[in-house]
Structures are given as structure tokens and as C-alpha cells.
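J.: Prediction below, plus the sequence it came from.
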Amino acid sequence: MKIKFNNIRDLADARYAAAVMADYIGFRIGGKDELPASVIQEIIGWCSGPAVILEVSDNVAIEKINALLNTLPINGIETSAARVEQLKSNFDAQGLVWVVNTDPSGDFYTHSETLKNQNNHLSKIKPTAEITKSVKTTDPWGVSIDCFESVSTGIKDFSDWNDFFEDFEIL
């Protein structure tokens, strides 16, 4: 099962992702949760293993994406179905992984909140005991998990993530 962590917010998220051997870590570009390029670079510098995905909002300018691709070691772009063709026409020559939110036709990794075992589909989940049972039953090709804010500076409660990954004998 492939694993992606969405919206990495800090080094703790990235280290956790690396510890469970996640395939992908995503950094939101555009919107309130966006991190500066310098912070993304710092986090990536401390975390090796997962491929780095830019999670691009629909309102982000091509020039900004290009600047990030020229500055950071990015492996892929995640975007909406409405924007994927535009971005591919600008950046396809760079050999990026393409993740598309929803299920468009085409040869992409897809990403939605629906549990599917379809090849190349990442099912967005919130780790709970009930979801763990559903994931075991559905056996999706991949799952993605949203990162969350610290309860206080530098302190996060990873107990739901721990339970989920222990159930799959990943931790």
C-alpha cells in the first residue's frame, strides 16, 4: 500500500512520514497553510526517503510553481482535474509525478476521499479504528493522511496515526 502525507506542516510530520516509509509527502502551495520555500527546504533537508509533492491550489501562478521547481527538489505536482492539463503543458518535460484530485480520465495518480483499490488511486483517510477496518477490507492501492497543527508549540498527538500504522504492522 502506498502512503502519502498531505499538507506537511512541520519537521515532526515529515519525520513521521519517513519513519513509516511513506512514498510521498505533500506541501500545500497557495492558501493559508502554505509554507515558505525556505521552510520546505529545511524540512526536506532533515527528511530523506519520501518523494516530495507540491499540492498546488488553483489560484497559484505558473511563475511561482516554476520558481519552486527550480529551487526545491520536487518530484511531483498534485492539482485539481480542472488545472492538470494547463500545468502539464508547462512542466511535463521535467519528469514529474502527477496526482489529480478527483478521478479524471487519463494516465495520472488520482486522489479522492473515496476508498478504492483501483491502481494509482490514493484514498484520503482519517485514521480511526473504523477506517482501519474499511482500509483492510477495501485494500486500497494507496492512502493519504492529512497532517494537523500542533496542540501547542512543538507538541503533537500522533496516537491515531500510531494505532493505524501498528494495525498494518508498519510501526
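T.: On my side now, so go ahead. Numbers count the residues shown, from 1 in each chain.

J.: What count of nearby residues applies to the closest residue in space to Thr102 that isn't next to it in sequence?
T.: In space, Thr102 comes closest to Ala81 once its chain neighbours are excluded; the distance is 4.8 Å by CB to CB, 6 or more residues apart in numbering. (Each C-beta comes from the backbone N, C-alpha and C, glycine too.) For Ala81, the count of nearby residues is 15 (other CB atoms under 10 Å).

J.: Also Lys133?
T.: Residues within reach of Lys133, counting by other CB under 10 Å, total 11.

J.: So that it lines up with my notes, have the first residue be 6 from now on.
T.: Will do, 6 is the new start, and the previous item becomes Lys138.

J.: Tell me who's in contact with Pro55.
T.: Going by CB atoms under 8 Å, 6 or more residues apart in numbering, Pro55 touches Phe10, Ala19, Ala22, Ala23, Ala27, Asp28, Tyr29, Ile30.

J.: Max pairwise distance over these: which two?
T.: Distance extremes for those: the farthest pair is Ala19 and Asp28 at 13.4 Å, using CB to CB.

J.: Those two: which has the busier surroundings?
T.: Using other CB under 10 Å as the criterion, Ala19 and Asp28 rank with Ala19 on top: 27 against 19.

J.: In space, what's closest to the more buried one - neighbours in sequence excluded?
T.: The spatially closest residue to Ala19, leaving aside those adjacent along the chain, is Cys52, at 3.9 Å (CB to CB, 6+ apart).

J.: Can you pull the phi and psi angles for the one you found?
T.: Per-residue torsions, Cys52: phi -130, psi 110 (degrees, to the nearest 10).

J.: Could you do Lys7 as well?
T.: Main-chain torsions, Lys7, degrees, to the nearest 10: phi -80, psi 150.

J.: State the distance from the nearest residue to it once chain neighbours are set aside to Glu90.
T.: Leaving out its chain neighbours, the residue that sits closest to Lys7 by CB to CB, 6+ apart is Gly147, at 3.1 Å. Gly147 sits 23 Å away from Glu90, taking CB to CB, to the nearest Å as the criterion.

J.: who's more crowded, the two?
T.: Gly147 (23 against 14).

J.: Please name the residues that touch the more buried one.
T.: Met6, Lys7, Ile8, Lys9, Asp28, Tyr114, His126, Leu127, Ser128 are the contacts of Gly147 under CB under 8 Å, 6+ apart.
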